Each structure stands twice: as structure tokens, then as C-alpha cells.
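Engineer: Just need the structure, nothing else, for what follows:
(one chain, ligands or ions: 1)
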Amino acid sequence: MGCKTTCPYCGVGCGVDATINGNGLDPVRGDPDHPANTGRLCVKGSALHETLGSQGRLTRPRIQGRDTDWDQAIQYLGTELTRLRDERGGDSIAFYLSGQLLTEDYYVANKFAKGFIGTPHVDTNSRLCMSSAVAAHKRAFGEDAVPGCYEDLELADLVVLAGANPAWNHPILYQRMQKAGAERPERRMVVIDPRRTASREQADLHLALRPGTDTILWNGLLVWLADSGAWDHAWVEAHCSSPEAALEAARESAPNPETVAERCDLAVADVQTFYEWFATTPRTTSFWSQGLNQSRSGTDRANAIINCHLATGRIGRPGATPFSVTGQPNAMGGREVGGLANQLAAHMDYDTPGAREALAHFWQAPALPEEPGHKAVALFEAIERGDIQCVWIMATNPLVSLPDPERARHALAQCPLVIVSDCVADTDTLALADVALPAMGWAEKDGTVTNSERCISRQRGLIPAVGEARPDWWIISAVARAMGFNAAFDYAGPAAIFREHALVSTLSGDPKQQFNLGALATLSDRDYDAMTPIQWPVTPEHPRGRERLFQDGVFATPDGHACFIPIHPKGPARGPTVTTPLRVTSGRIRDQWHTMTRTGRAARLLQHLCEPFIEAHPDDLAAHDLADGDLAWLSNGQGRYLGRTRASDGMRPGEVFVPIHWNHQFTTNGLASALFPRVIDPLSGQPETKHATAALLPF
Ligand code: SF4
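Structural biologist: The predicted model follows:
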């Protein structure tokens, strides 16, 4: 039987056609009807059926390493969480969620934690992915809303890829851009990235700038737009606030292309060419991802881009928009339910007028916190201090993905109660779990995800769950009922949760708020089951959703104006030193996903790049008596990383690249995160996992 579902990997959110074959699936294909991919799949998506099966799965609940059954596990957790809440307060309990969860799971977790346990400490691995873009959207638009859609990447006459390598990390979007380029050879692409990546192949201009100087480049563009007559004064006057302060700050750091070129280590002519193309191309779309977000100034970097789009009125128009793309399949869904420590629920913040009262009434919540909670890095520091006595980690592996993972390991090792829900049996994080709970995996669980263009798609349960695995929403609800919260967590299934989530999206009552699923709040179970992809907002005025936002120039700020943000450039926290002379950056590779707990199961995905590596300029290797293919260490005061050298003249001299994926199941010394410090963006809380320094040493 053929079924439609959604790929669980990257934020493109491709539709998948799957045919059930016994307890498994036949080779999957791209869904020709899904608007994201219209039939295509990348290599990771096309190997999905190879990652299924019972091998390596967590199949039964475990308490202190011993198998148990659900009744005992639920009862134990209900008792322990009640005791902790009563003795130490709700805020002694924390939740660390994941962009791999389905929206329904995320919604129930957020409701349970904030409304019923009474803890604000609910954060997510999406903090590591795109929280800087979220903070930038809120500063500029008053709401975390992506203005454009994937079609804009095709309609644009100029695409600017800033800190993004979609050829490897969002492959289907890159293929769409390639196809548009082949059909319209006159359209241009600019790649802004210190490295020469696979995405550079199609570029007309590559700006291999000095790491961490992006805001200078974009500030210089803002000045150029003002001085060259490209500034859309009428639109800015009507729809924006504070352009003068932003322009003044831009002139301070980037008064002319010569200064920009010198500070960014670029050729003046290349800087001028980029500025000229941007200024004279009305249909320009700027696409960014983790390369910008994962920085102590990630929010500023995103706002520096948005400033340039506001100055030209290029926002939410066909082919003309700033476009932040998420890494994970449901980072957007987590943002929608409020699964970040600084959010309350459904795009409402703690200080949104009337939000707490409306939500407490709607949920009949006994305990809604008053202040935001700890963001990811701070949350693990609070665990280490003992302020948090219990953490429930769902569908993520922070002991590989957080910067400085040894500190996170230390925190979990001394935490009195660590609960981990996961679909796999053996992760670095599960090894420290007091209670391990088997969660359903892809193709087993039912629910929705939202991709980078706000498109909600169904993931469908197609095959039987392995062992006693259960949906995350079921597990959370069962524990909530064991604590006495019966009525609020008596869900018949994911459709009921989705309807409630859709209703919460209407609570703010602010007509300027874009996130609104009001027209989906009455979906029948049958309609939910048959739901086809749809882009929010979905309201009575827009029952089929909206591709683009802000076309009327009205934003979700109090006065309806978009805000220019003055940007004062800040470089990376760590610069090269005598003992750690090389800059280190990190990223993903084409065929692996996150910490490899699933893609590592498909043999053919291991063939592309099969071991941790260190990509470096040949001159740097030679200076260290190393050749291509040698084993070498990267080492700094915090940690070390062992990889095989890969010589590349696409690296800037003095800079090396390491992939983020390998975990302790595959390698003992291949954790890239070990090199990266716990430096965060103070606005977004996103860690600076694109910038470290280290020494290169022979093995
Ligand atoms: Fe899956 Fe992303 Fe590949 Fe699409 S591009 S198939 S969503 S990994």
C-alpha cells in the first residue's frame, strides 16, 4: 500500500512516497505532489527505508539500567516528579526537547512542563540551530515569521547564500536553485562563506570572507544602498522605524567598500560587484542558515541582512525576501508551540499582554511560570549547579551536540534524575539515563512537522512500532495523568492534540500575529488523517494558507512597523593564539544527519565520508609535516579531536573545518563539539559553534 509522509531529516521537509512491505518499507521515493520537493529526494532521504528495523532500537522502558514495563515506569516517574515538584518546586525540573519531535509531541511537552509542572526551563536542540534567526525575526518583524517561500529561491534574479551550504545541507532546495539557474542563465548567485563548499560550484561570485566579519559586509551594503539611490525611501517611510540609527551604525563600521574589503579580507572589486548586483536586482533573495546563526553575534548577523531587505522593501515579495532556513525537520514546529525557554506558547511571549492569563485559562493550568527559563547552555549549567534536579531529554543527544560536552556530561552524571526518551538504544546521552523510555521512530509515529517555508505536512505511522515503543505525546500524557492531571492529558490521538494546538494559536487575539491556525482547529480526525501540505497562517481569510507574509507592509510590532536594528560588529570570542593558532569551524556533511544515530545505520551513507576528518589548506598541512590522509589531532585547552586530514585549497590558510556528526558509538575521539567553547549569543542564547581555535598535531 502506498502512503505519503515526510522526511525526518533536514528543514526542507520533503514529501516521501512510501510503500509498506511487511514490517518495513520498499525503497522510498519523493512525493511528486509535495510542494517542497515535487518528487525529488536527496541521498539521505532516499535511504530512509534502510534505517528501519529493530536492530539498535530501544524496545522497553528501563529504570536504572533494568528493563521494566510501561506501568511501572509511568508510576515511578509520576511519583518522582510529584515529589520533586512538591519538595523543590516545579522549576527544579527541566525539559530538553528536539526539532526531531513532531509538533503534537512538542505541544504536549510544552503544556505539561509550563502549565502543569510549572517550570519555565523548557528548551530544545533547536537553540543550537536557528534561535538567532528567531531572535532577529522578532526584533525586526515583532514576530518569528519567515516572510518568504521556496519558490522565491527560483523566482529570484539574485540569490545570496550567506553562511549556508545547501548543496549538502538542504540539497533539494539547491537542486531547485540549480534548475532555475539552468533555465535562466542570466540569474546570479553569490556565495558568502569562508570555505569553498559544494554550493560554490554554481556561484557567479564567491566572497570567502574572514570568519566572523559578515556584519561588516552587510553593514557596508546598507551604506551602499543609501548612497547609490537604491534605498526605497517611500516604502521605508511608510513601513519601517529607526532606519537612521541603523545607517549611522553601518557607516561607523563599514563606510565604504575599501574599508569593508580590508576588514573582511576580500578584494575591493568583489565587494563592489556584490553591492552593485544587490542594489540593482529587485528580485533578490538572501538565504542563510547555521553559518550565520551559530555565533555569539548570530542575531546581529541575521538583522544585518534583514536591514538591507527592509531598505529596499524586498520582503515577502515574489523572489525578493530574507530567508532563514532551519536545519531540523521540525524546528519550526517547536517554535510554533513555544518550545523555547524564552517563549510561552504559540508565538506568545511571557510579556505578551494577556497571554499568561489567556493560556492559563485555556489549559486550566494550575501553575504557569512568570518568567522565561534557562536556554540550552545555561540549562545544563543549572543542572551542574544542582538548581535543576531532574531533566527529561527527548529525541536528542546533547552529549554530542552541545559545545563543551564534557561539562554537559558532568552535569548529567550528578543530576539526581535523568530521563531520556529516544528511539535508539545506545547514545552518549542514554548511557547516563536513570530512566530510558522507548519512543517511536520515523514511519511508526503519527503527527505533523513544519518546514522552513511554514509548510505543515503529515508524518504518518506506516509500520508497527518496534518493541514497546510509544509516541512521545503518549508517554508525556501518561506521566501527566500519573501526577493527577487527567482531564488535560486525556488525548484520543494526535488529531485531538493538533486541534488544541490550532486553537491556542488564536489566543493572542492580535490580528497582526501571522502565526494562526484557526481554520484548522475544527479538522475532523478523517481530515487530519488526509491532510495535505499547507503553509500557515491558515485562517478564515486564508483557508489554504499563505505563501508570503508582510506583503501589505504591516508587521507584528505594536505600531505595525518593521524595525531596522543598528548593528555594531563583533567578531568571534576566540581569536588565534600562539598555542592555538588555527581557527576551527564546523558543519555537516552531505550524507549524515546530526549525531548519526539513524543515518549511521545505512551502510551506503557511510561510504561518502566514512570517518571524522580535518579539512585544511595544503600549506597548513605542510607546515605541520602532514600530508593529505594522515591522522592528526586538533587540540585546545578544552578538548581534542582526532581526524584524517583532507587537503583543500578551498580552505583559507589558517582555518580548518571539522564535521559535527561522529559520536562515541563510531569513534572515541571524533567529537567536534569537544573543541567549541560555551560562548553564546546573549540575545538568542545560541552557542558559537562555528568558531574555535586549536593547534594541529600529528597523531
Ligand atoms: Fe530529507 Fe532534507 Fe534530503 Fe529533503 S533535502 S530528502 S528533507 S534530508
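Engineer: quick one: the residue of the chain found nearest the ligand from Pro147, how far?
Structural biologist: Nearest residue of the chain to the ligand (C-beta to the nearest ligand atom) works out as Gly45 at 2.4 Å. To be clear about C-beta, it is placed using only N, CA and C from the backbone, and glycine gets the same treatment. To Pro147, Gly45 is 26 Å away according to C-beta to C-beta, to the nearest Å.
Engineer: likewise Ala358?
Structural biologist: Distance from Ala358 to Pro147, by C-beta to C-beta: 26 Å.
Engineer: what's the answer for Val43, then?
Structural biologist: 30 Å.
Engineer: With Arg85 instead?
Structural biologist: For Arg85 relative to Pro147 (C-beta to C-beta), the value is 41 Å.
Engineer: out of those two, which sits in the more crowded spot?
Structural biologist: Neighbour count, other C-beta atoms under 10 Å: between Arg85 and Pro147, Pro147 has more, with 27 against 20.
Engineer: Need the CA coordinates for stretch 146-166. PDB is fine.
Structural biologist: Extracted C-alpha coordinates of stretch 146-166, given in PDB (Å, rounded to 0.1, in the frame of the first residue of the first chain):
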ATOM      1  CA  VAL A 146       9.600  33.600   7.800                       C
ATOM      2  CA  PRO A 147       8.300  36.100   5.100                       C
ATOM      3  CA  GLY A 148       9.100  34.000   2.000                       C
ATOM      4  CA  CYS A 149       8.700  30.600   0.500                       C
ATOM      5  CA  TYR A 150      10.900  28.200  -1.500                       C
ATOM      6  CA  GLU A 151       9.500  29.500  -4.800                       C
ATOM      7  CA  ASP A 152      11.300  32.700  -4.100                       C
ATOM      8  CA  LEU A 153      14.600  30.900  -4.500                       C
ATOM      9  CA  GLU A 154      13.600  30.100  -8.100                       C
ATOM     10  CA  LEU A 155      12.000  33.400  -8.900                       C
ATOM     11  CA  ALA A 156      14.900  35.500  -7.600                       C
ATOM     12  CA  ASP A 157      17.300  37.000 -10.200                       C
ATOM     13  CA  LEU A 158      19.900  37.100  -7.500                       C
ATOM     14  CA  VAL A 159      20.300  34.500  -4.700                       C
ATOM     15  CA  VAL A 160      22.700  35.300  -1.900                       C
ATOM     16  CA  LEU A 161      23.800  32.300   0.100                       C
ATOM     17  CA  ALA A 162      25.200  33.600   3.400                       C
ATOM     18  CA  GLY A 163      26.700  31.100   5.800                       C
ATOM     19  CA  ALA A 164      24.900  28.200   4.100                       C
ATOM     20  CA  ASN A 165      25.900  25.200   2.100                       C
ATOM     21  CA  PRO A 166      22.500  24.000   0.800                       C
END
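Engineer: Quickly check: that stretch near the ligand or not.
Structural biologist: No: using C-beta under 6 Å from any ligand atom, stretch 146-166 stays clear of the ligand, coming no nearer than 8.8 Å.
Engineer: how distant is that stretch from the center of its chain?
Structural biologist: 17 Å (C-alpha atoms, centre = their mean, to the nearest Å).
Engineer: residues of that stretch that come out buried?
Structural biologist: Using 16 or more other C-beta atoms under 10 Å as the test for burial, stretch 146-166 gives 146-166.
Engineer: what's the domain layout of the chain?
Structural biologist: 2-51, 62-128+329-535, 131-325, 582-698 (automatic domain parsing).
Engineer: Turn the ones you listed into JSON lines, including distance to Arg544 and mean pLDDT.
Structural biologist: Converted to JSON lines, the domains of the chain look like this (distance: least, C-beta to C-beta, whole Å; pLDDT from 0 to 100):
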{"stretch": "domain 2-51", "distance to Arg544": "12", "mean pLDDT": "94"}
{"stretch": "domain 62-128+329-535", "distance to Arg544": "7", "mean pLDDT": "96"}
{"stretch": "domain 131-325", "distance to Arg544": "13", "mean pLDDT": "97"}
{"stretch": "domain 582-698", "distance to Arg544": "32", "mean pLDDT": "92"}
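Engineer: Out of those, flag the one nearest Gly560.
Structural biologist: Smallest distance to Gly560 across the domains of the chain (C-beta to C-beta): 6.4 Å, for domain 62-128+329-535.
Engineer: And that closest one, end to end?
Structural biologist: Start-to-end span of domain 62-128+329-535 (C-alpha to C-alpha, to the nearest Å) is 40 Å.
Engineer: How far does that domain sit from its chain's centre?
Structural biologist: Domain 62-128+329-535 has its C-alpha centroid displaced from the chain centroid by 16 Å (C-alpha atoms, centre = their mean).
Engineer: For burial, what's the neighbour tally of the residue of the chain closest to the ligand?
Structural biologist: Applying the criterion other C-beta under 10 Å, we find 23 residues in the vicinity of Gly45.
Engineer: circling back to that earlier point, let's see which of the buried residues of stretch 146-166 end up in helices.
Structural biologist: Glu151, Asp152, Leu153, Glu154, Leu155, Pro166 (DSSP state H).
Engineer: residues touching the nearest residue to the third one once chain neighbours are set aside, list them.
Structural biologist: Read that as Leu153. Among residues not flanking Leu153 along the chain, Met177 sits closest, at 5.3 Å (C-beta to C-beta, 6 or more residues apart in numbering). By C-beta atoms under 8 Å, 6 or more residues apart in numbering, Met177 lies in contact with Leu153, Glu154, Val159, Pro166, Met189, Gln202.
Engineer: Would the helix or strand containing Met177 count as contacting the ligand?
Structural biologist: Assigned by DSSP states H and E, Met177 falls within helix 171-183. Yes: judged by C-beta under 6 Å from any ligand atom, helix 171-183 comes into contact with the ligand at Pro171, Ile172.
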